[in-house]
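[1] got a predicted model here, sequence first, then my questions.
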Amino acid sequence: MQNDMMSSIRAVVAEEVGKTLGRQVELLEQIAQYLGVPVASRAVVVPASKRVTPAPARQRQEAAKPAAKKRGRPRAVAKETSTAAAVEVSSTPFKQGQEVRYKQGRGTFPAVVKAIDVDAGTVTLERQSDGKQVERPYAKVETA
């Protein structure tokens, strides 16, 4: 009795699926014929194996070590530039007591050079408006 019920339900479901997907099934059969794949009236269901053997782990091949990524400038150029920068730094564009203008935020302020730090590339300035001492890099200071 239960087998009859199951077979009748399967028949009804197959009929409804056939009505709903009829056009798509026809198109799939035409594509299969075009590709040369044998067409069966009913798709063959292949039972899945219960145990799947794991694929062997892939052995990593010893490849040649990749070249290190290049960063910055080549060493020879860097050495030349650093010595040129040292010569440039040693001859500072400012002198003590010189009146200059420096950039701070959005404005520029008049100041007087008090000290020069050649190693750090900075200048200690005294602001003319309030006498406050500030330290600024060479790039932010310009002659008045």
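    Everything's here; your move. Residues are numbered from 1 along each chain as shown.

[2] how about the helices of this protein, start to end?
    Along the chain, counting by DSSP state H, helices occupy 2-35, 75-90.

[3] by mean pLDDT, show me the worst of these.
    Ranked by mean pLDDT, the helices of the chain bottom out at helix 75-90, with a mean of 55.

[4] got the domain boundaries for this structure?
    Domain ranges of the chain: 1-42, 92-143, per automatic domain parsing.

[5] quick one, what contacts residue 137?
    121, 122, 123 (Cβ atoms under 8 Å, 6 or more residues apart in numbering). No exception for glycine: its C-beta is placed from N, CA and C like everyone else's.

[6] just the buried residues from those, in ChimeraX please.
    Only the buried entries of the contacts of residue 137 go into this ChimeraX selection, using 16 or more other Cβ atoms under 10 Å:
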select :122,123
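
[7] ok, so of the contacts of residue 137, who is nearest residue 10?
    residue 121 (86.7 Å; Cβ to Cβ).

[8] the closest one and residue 143, how far apart?
    Distance, residue 121 to residue 143, using Cβ to Cβ, to the nearest Å: 17 Å.

[9] can you check residue 95 too?
    10 Å.

[10] with residue 6 instead?
    When residue 6 is compared with residue 143 (using Cβ to Cβ), they lie 99 Å apart.

[11] and the residue nearest the centre of the chain, what does it touch?
    The C-alpha lying nearest the average C-alpha coordinate of the chain belongs to residue 69 (Cα atoms, centre = their mean; 16.0 Å). Applying Cβ under 8 Å, 6+ apart to residue 69 gives no contacts.

[12] which pLDDT value goes with it?
    In this model, residue 69 is scored at 70, pLDDT.

[13] what packs against the longest strand seen in the chain?
    Longest strand in the chain by number of residues (criterion: DSSP state E): strand 107-117. In terms of contacts (3 or more Cβ pairs under 8 Å, 6 or more residues apart in numbering; DSSP states H and E), strand 107-117 is packed against strand 99-104, strand 122-127, strand 133-137.

[14] if you set the cut-off to 7 Å instead, what comes out?
    If you count contacts as 3 or more Cβ pairs under 7 Å, 6 or more residues apart in numbering; DSSP states H and E, strand 107-117 packs onto strand 99-104, strand 122-127.
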